[in-house]
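when you get a sec, could you give me coordinates for this:
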Amino acid sequence: PDPAFVISRVTAREYDERTLKARFEDLEWLEAVARAHHEVVQTIARHDTVLPLRLATLYQDDDRAREALAARRGVFAERLALLHGRSEWGVKVYVSSAGPPQDGAAAGPANTTTLGPGKAYLRRRRAQHTVQETHYRNAQAAAENIEALAARYTTHRVRHPAQRGALAGPEENVLNDAYLVPDDRAQSFRTALAAVAVDIDGVRVVVTGPWAPYSFAMPPPPSDPPPSDPPQEDAARDGPAP
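You can find the predicted model right below:
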């Protein structure tokens, strides 16, 4: 079937440029609209292939919407064909903090009873740093295992920026990937991930899905053209192939 828009009608007064700019600073309004948008997208995805448009994608009237649909019909149809029978799964890797140095945490027989306060503190700091380095190494190994495993089950990947601040919580997010997984491989993919994501010291792996393919709705932007005298290096790009 031909691509079609799923729309809702809004008033120009409530969704003009100035009003929207103010509303996007209202976190309660933004959360409510984002949740409603997501529910519509997920509902459609349960019944058919969907290309989620960005929140607050607006057209002035039906004619403008039809023109936009006609202008990009080929791109939409190609993408719908690619995504048919596939869903998005998210994989995040978090590293736990080693925590502040504590009294009695120094390694070895010498501690605060034989060392001065300054040397004892430095020893605890070194021990803390060693623990944190171990956590990062474990996270790197986990990321490599996940990538190798995902290659067996998934067709495309998008590497999103790591989350920061409140989105990441008390841990550090070091990997934030989205994978496009054929629906008939999804359970095997999740089971295989669970097997490699347990009991990793200082590392937590979170798998979410299935989602509508937000990360794959549009093709990735084209790469810049190579220079006339390209350097001798691997120019492969991370991310999904179109």
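
so what touches stretch 191-207?
For stretch 191-207, the surrounding residues in contact (C-beta atoms under 8 Å, 6 or more residues apart in numbering) are 89-96, 98, 131-132, 134-135, 138-139, 141-142, 145-146, 149, 152-153, 171, 190. From N, CA and C alone the C-beta is placed, and that goes for glycine too.

sort out which of those are in helices and list them.
131-132, 134-135, 138-139, 141-142, 145-146, 149, 152-153, 190 (DSSP state H).

before we move on, back to that, now the buried members of the contacts of stretch 191-207.
89-96, 98, 131-132, 135, 138-139, 142, 145-146, 149, 153, 171, 190 (16 or more other C-beta atoms under 10 Å).

quick one, domains of the protein?
Domain assignment for the chain by the TED database gives 17-83, 86-101+115-216.

just these: most buried one?
domain 86-101+115-216 (a mean of 16; mean count of other C-beta atoms under 10 Å).

quick one: low-confidence ranges for the chain?
Within the chain, the set of residues satisfying pLDDT under 70 comprises 1, 98-129, 166-169, 221-242.

can you give me the strands in it?
86-95, 156-159, 172-182, 203-211 (DSSP state E).

put together JSON lines for the ones in helices among the contacts of stretch 191-207, with distance to residue 57 on each row.
Below are those laid out as JSON lines (distance: C-beta to C-beta, whole Å):
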{"residue": "131", "distance to residue 57": "47"}
{"residue": "132", "distance to residue 57": "43"}
{"residue": "134", "distance to residue 57": "46"}
{"residue": "135", "distance to residue 57": "41"}
{"residue": "138", "distance to residue 57": "41"}
{"residue": "139", "distance to residue 57": "36"}
{"residue": "141", "distance to residue 57": "41"}
{"residue": "142", "distance to residue 57": "37"}
{"residue": "145", "distance to residue 57": "38"}
{"residue": "146", "distance to residue 57": "33"}
{"residue": "149", "distance to residue 57": "35"}
{"residue": "152", "distance to residue 57": "35"}
{"residue": "153", "distance to residue 57": "32"}
{"residue": "190", "distance to residue 57": "31"}
